[in-house]
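1. The following comprises the amino acid sequence and a computationally predicted model.
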Amino acid sequence: MRHSTRATDSTPFPRVSIVGVGCRATGMEFDHEWFGLDRLEAAGLTPRQRANLEVAVEALDDSGLGCLAMGSNAAVVFGAIGGTNTAHQLSRALDLRGPSLTVDSQRASPLVAVDMGVRLLADESVPFVLAGGVDLALLPDISDLRLPALPTGPPAAGVCTVLVLQRTRDAERTRTRRHAEIGGPGIGFPDAVGANAHISLDDTARDGTRGPGRGDEPPILIPVSGRDAAAVHDLALRWAVAAGSYASLRDFAAATARLIPERTRAAVLARDLPDATAQLRLLARRLAAVTPPHLRTPTMLATPPIAATEIHEVFEPHPARRPGGLLFLFSGTGTHPRMGRALAARYPVFAATLTAATDAVVAAGGPRVWTPRHGFDPTHAAVGIRSRVVTTAPPGHAPDPSTDDAEITAAADSSELTGNDSSVVRALEDNPVAGRTAGSASDAGEPDNDSAEAFTQAALFVFQVALAELLESWGIRADAMTGHGIGELAAAVAGGALTVADAARVVVARGRVAGRAMSAGAVAVFEATPTEVRRLVEPMRAEVDIVSVDGPTTITVAGEPRYIDVLVRRAHRRAISAQRLPGVSGAAHHPVMQSTARQLAADLTDIEPRPPWCTIYSTSARGVAIRSADELSAGEVAMDGRYWAANASNPIELASALETAAAEGISTVLELGPGAVLTAAVRKQVQLRDGAHSALTGTDEAGSFLRAVARLYREGRAVDWTALGPYRAAPPQRQWRRGTPGGDGWRAEYSQWPTSRAVEGTAAFPAVDIRADGAYVVTGGLGAAGEAAVRWLLDGGATDVVVLTRTPRPLPLSLSGLEDRIVLIRCDCSDPADLAVALEDIRECGSAIRGIVDTADEPPFATAPELLELTTADPTDFTVLFTPGPAADSAMRELAAAQPDRRVICVEWDVGPAA
């Protein structure tokens, strides 16, 4: 029989979740200064009371609510331990102004404390509660904590456990991580003679361990989202049909949970797939009869229970939406060598698309404009790049040991290498010769590939295609496209009018023509109407011509430098603002290009254009719009070879395209390019003045991208926030000051690593700050010490761990699934020159080296001195050095002491890393 403290209580308590857990054995050590206690007061505390205070703070750290604790109305409820009121001491230390209670119910004290905490949360003024005590047992799967346990039986006595309790609706609103949910009257003892208090948890907040579809499972929440009631109705019907294709209700719930970015939501509770189908169809029928106007305040509508479940519909006010459509504007200039590095490091879809588009350009005879190691570096485009980066294969798919280094490096250059893809290893296993062939293709490339203009155009095309794909992965779809010059090719690919392979052929052919057109052109910008500029250009139109009409009074002219200078002087005499742009050749739209247009069209006769899926406003033909398949009309323009010849030779009519777009309902223009090049010109259009934005800036690529996404979301555009990925940073580890030596843990920046820990693999690493925005280097490969070091860094929140190893091999099973955060680089750390090159490669990828862990299995002082010297200028927060054994211990400590300006930590690894 289950005894419960709420068995007969009919009070309507809120749903309560456990959002933080602290649990460890009691001990004598205590950081009394942190709690504002003097030595005499601390001496009056028992070991259990000391542990109770520290564990409560650790539970608060685990919940992530520590920043909200000071001065809040949070409550503290502890089970009585002796005669000291530890709840009051904790409230005083944290400045908690809510109830502070100590309950005494003998062995049930910690359980009653949790029950009291649940009751306190019925008061809306209490944001959360810290509750617990000694000998409070938790289910073993409540979190990743490993509780001390006897060989046979429940957790050992003397274990202190503190929980942070929060109302479930508050946790869901703030997206606080929830370990579990306390369900109904399930707080009590497992049986009448149980030794420890026990908490029964509701499986709806945890990953269940029962089989799917069991009738005794609790119902699962299936959310349905949409912009309005009609969208919710349609989605509910689609999911009712799709539910039957999933193996279990949990699989279906996991698939639908990714699609809840909208504000208007409905939800059904179902116990199995047939029940979910019935509930969704019922929801659709009810919504069909409901008028769609949005309510001013959230309203809960409930239907009577059906099949022991309930349906809840929640309608919230629709966000302020900017009327009109979204236009993607692909710029035609603005490239720089560091573009794409930050986005490729953070978003695998961007890196994969970069590689695929680059391969298409190479297949069309163009330069390899992008490599994971060098980015968009023109100095490495004309020759085969020997990449040091070797991606990891899944466990059990080891590289072919017969493949030599030359084949591996060639394949790394030519295959779809993104830094977190295992395609290189698999491609080599299937066809090792293919790597050599593709890698040497650029060595024998044509001289045209050396053209700076050809490289620039291909690089911009590849970058913009990847950026459009990245926005697509975030659920941001444009209603129309347009492009400026070479940017129109990326618009054609993003709009579906051309395949990447066909567009790459156009880019390469266009780049060759532009490179041959001229070598010393000039460009000038005039602030005048097109008619005024044409009068100026007419006398010398054989040498100069209008190449771009970007706005009502923004005209660009290109041609021979001396004629451009004459044209600028003539404009000044007529009080027309004109300025020659320094460092811009204008070869892409020089008048000479008009003579090569016919040859360009002949080279592209086999291009196969397709109807786009959205409207593409042409900037090559004034007033022309390429419509989607369902809007095609007679005489529609196709983006064939003749069209792209006109794109290379005709003036760019951006102003006309923007006017047409605004007239057809476009209200927001997002510029896709390495920086803001055309945004200022777009804002000169009256209808688009407040709706012109740039997706990126040249200085903060990753940050500006997120700001652009947020700006679109605030306008009311749909955004799939799941593309941001999971929050992987581990909760901070509380480090208490200890005044006495001995015991487990780290002391004075130095510790012994016992053999037992080395064997078990549970390393006691030091307390350091690990950032998510830096790179962390581990030397010595993935032996026992290297594997433990990588796991420690990833658990601490690192997102970019670089492992230097002589022989790259598949990741061990303990690191499987983390390939996107680990990069293996072939490097002989005992060779200073090779080590220096590897470290420079990491810096060139745009990530600052924030920490180093040296686990190299080398004789003493073989790598550590060189590693410290080569990273002197890096902003490292720490350097951890593993000593090969006790013999080198003192020498390594002297080496660490010789670095007064750096935090160098020495660790003795008794067993030594695996070979």
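-> Sure, I can see it.
2. In the stretch 801-915 of the chain, where is pLDDT below threshold?
-> 857-862, 884-892, 900-901, 907-915 (pLDDT under 70).
3. For it, just list every one of the helices.
-> 832-844, 864-870, 889-897 (DSSP state H, counting those that start in this stretch).
4. Could you pull out the buried residues of the first one?
-> Neighbour-count burial for helix 832-844 flags 834-835, 838-839, 841-842 (criterion: 16 or more other Cβ atoms under 10 Å). All C-beta atoms are positioned from the backbone trio N, CA, C, and that covers glycine.
5. Contacts for that helix next, please.
-> Helix 832-844 is contacted by residues 373-375, 388-389, 775, 777, 802, 804, 825, 827-829, 849, 863, 866-867, 870-871, 874 when judged by Cβ atoms under 8 Å, 6 or more residues apart in numbering.
6. one more time with 7 Å, if that's ok
-> Applying Cβ atoms under 7 Å, 6 or more residues apart in numbering, the contact partners of helix 832-844 are 373, 388, 775, 777, 802, 804, 825, 827-829, 849, 866-867, 870-871.
7. Quick check on these: which are buried?
-> Using 16+ other Cβ under 10 Å as the burial test, those include 373, 388, 775, 777, 802, 804, 825, 827, 829, 849, 866-867, 870-871 as buried.
8. Identify the farthest-apart pair in these.
-> Spanning the widest gap among the buried ones among the contacts of helix 832-844 are Arg373 and Glu866, at 21.9 Å by Cβ to Cβ.
9. quick one: low-confidence ranges for the stretch 151-300 of the chain?
-> For the stretch 151-300 of the chain, the stretches with pLDDT under 70 are 151-158, 183-219, 227, 245, 255, 257-265, 288-300.
10. Test for you: state the pLDDT assigned to the closest residue to Gly691 other than its chain neighbours.
-> Closest residue to Gly691 apart from its sequence neighbours, by Cβ to Cβ, 6 or more residues apart in numbering: Thr668 at 4.1 Å. With respect to pLDDT, Thr668 scores 94.
11. Am I right that Thr668 is in contact with Pro323?
-> No: at 9.8 Å, Thr668 does not count as touching Pro323 under the criterion of Cβ atoms under 7 Å.
12. ok, back up a step: right, and the helices of the stretch 801-915 of the chain - which one's nearest Glu58?
-> Closest to Glu58 of the helices of the stretch 801-915 of the chain is helix 889-897 (Cβ to Cβ; 29.4 Å).
13. quick one on the thing from earlier: out of Thr668 and Pro323, which sits in the busier spot?
-> Taking neighbours as other Cβ atoms under 10 Å, Thr668 and Pro323 compare with Thr668 leading, 22 against 9.
14. how far away is that one from Leu712?
-> Going from Thr668 to Leu712 by Cβ to Cβ, to the nearest Å gives 7 Å.
15. Which elements pack onto the longest helix along the chain?
-> Ranked by number of residues, the top helix in the chain under DSSP state H is helix 452-473. Applying 3 or more Cβ pairs under 7 Å, 6 or more residues apart in numbering; DSSP states H and E, we find helix 452-473 packed against helix 348-363, helix 487-495, helix 500-517, strand 666-672.
16. Could I get the ones you listed in JSON lines, plus columns for distance to Ala657?
-> Putting those into JSON lines (distance: least, Cβ to Cβ, whole Å) gives the following:
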{"stretch": "helix 348-363", "distance to Ala657": "24"}
{"stretch": "helix 487-495", "distance to Ala657": "10"}
{"stretch": "helix 500-517", "distance to Ala657": "19"}
{"stretch": "strand 666-672", "distance to Ala657": "10"}
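17. Grab the nearest non-local neighbour of Gly20.
-> Counting by Cβ to Cβ, 6+ apart, Ser63 is the residue found nearest to Gly20 once chain neighbours are left out, at 2.8 Å.
18. so the one you found sits right up against Val164, yeah?
-> Yes: under the criterion of Cβ under 7 Å, Ser63 makes contact with Val164 at 4.2 Å.
19. what touches both of the two?
-> Here Ser63 and Val164 have 19-20 as joint contacts, going by Cβ under 7 Å, 6+ apart.
20. thinking again about what came up before, what strands flank the helix or strand that the longest helix of the chain is followed by, and is each parallel or antiparallel?
-> Using DSSP states H and E, the helix or strand that follows helix 452-473 in sequence is strand 480-483. Strand 480-483 has these partner strands in its sheet, going by DSSP bridges: strand 325-330 (parallel), strand 615-617 (parallel).
21. Highest mean neighbour count across these, which stretch is it?
-> Of all the strands paired with strand 480-483, strand 325-330 carries the top mean neighbour count, a mean of 26, counting by mean count of other Cβ atoms under 10 Å.
22. coming back round to it: go through the buried ones among the contacts of helix 832-844 and say which is closest to Pro612.
-> Closest to Pro612, out of all of the buried ones among the contacts of helix 832-844 and judged by Cβ to Cβ, is Arg373, at 35.1 Å.
23. so how far is Arg714 from the residue nearest to Gly691?
-> 11 Å.
24. tell me the angle the longest helix of the chain makes with helix 348-363.
-> 150 degrees (axes from the mean of the first three to the mean of the last three Cα atoms, to 10 degrees).
25. Give me the buried stretch members for helix 452-473, please.
-> 453-473.
26. Over to stretch 534-553?
-> For stretch 534-553, the neighbour count (16+ other Cβ under 10 Å) marks 536-537, 540, 543-553 as buried.
27. Turn the residues you listed into JSON lines, including distance to Arg24.
-> Formatted as JSON lines, the buried residues of stretch 534-553 follow (distance: Cβ to Cβ, whole Å):
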{"residue": "Leu536", "distance to Arg24": "81"}
{"residue": "Val537", "distance to Arg24": "80"}
{"residue": "Met540", "distance to Arg24": "84"}
{"residue": "Glu543", "distance to Arg24": "82"}
{"residue": "Val544", "distance to Arg24": "79"}
{"residue": "Asp545", "distance to Arg24": "78"}
{"residue": "Ile546", "distance to Arg24": "75"}
{"residue": "Val547", "distance to Arg24": "71"}
{"residue": "Ser548", "distance to Arg24": "68"}
{"residue": "Val549", "distance to Arg24": "71"}
{"residue": "Asp550", "distance to Arg24": "66"}
{"residue": "Gly551", "distance to Arg24": "67"}
{"residue": "Pro552", "distance to Arg24": "71"}
{"residue": "Thr553", "distance to Arg24": "71"}
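28. For the residues you listed, could you give me JSON lines that also reports pLDDT, distance to Ala503 and secondary structure?
-> Formatted as JSON lines, the buried residues of stretch 534-553 follow (pLDDT from 0 to 100; distance: Cβ to Cβ, whole Å; DSSP: H, G, I helix; E, B strand; the rest coil):
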{"residue": "Leu536", "pLDDT": "91", "distance to Ala503": "35", "secondary structure": "helix"}
{"residue": "Val537", "pLDDT": "90", "distance to Ala503": "31", "secondary structure": "helix"}
{"residue": "Met540", "pLDDT": "88", "distance to Ala503": "35", "secondary structure": "helix"}
{"residue": "Glu543", "pLDDT": "85", "distance to Ala503": "32", "secondary structure": "coil"}
{"residue": "Val544", "pLDDT": "88", "distance to Ala503": "30", "secondary structure": "strand"}
{"residue": "Asp545", "pLDDT": "87", "distance to Ala503": "26", "secondary structure": "strand"}
{"residue": "Ile546", "pLDDT": "89", "distance to Ala503": "26", "secondary structure": "strand"}
{"residue": "Val547", "pLDDT": "87", "distance to Ala503": "22", "secondary structure": "strand"}
{"residue": "Ser548", "pLDDT": "90", "distance to Ala503": "21", "secondary structure": "strand"}
{"residue": "Val549", "pLDDT": "91", "distance to Ala503": "24", "secondary structure": "strand"}
{"residue": "Asp550", "pLDDT": "89", "distance to Ala503": "23", "secondary structure": "strand"}
{"residue": "Gly551", "pLDDT": "86", "distance to Ala503": "27", "secondary structure": "strand"}
{"residue": "Pro552", "pLDDT": "85", "distance to Ala503": "31", "secondary structure": "coil"}
{"residue": "Thr553", "pLDDT": "87", "distance to Ala503": "32", "secondary structure": "coil"}
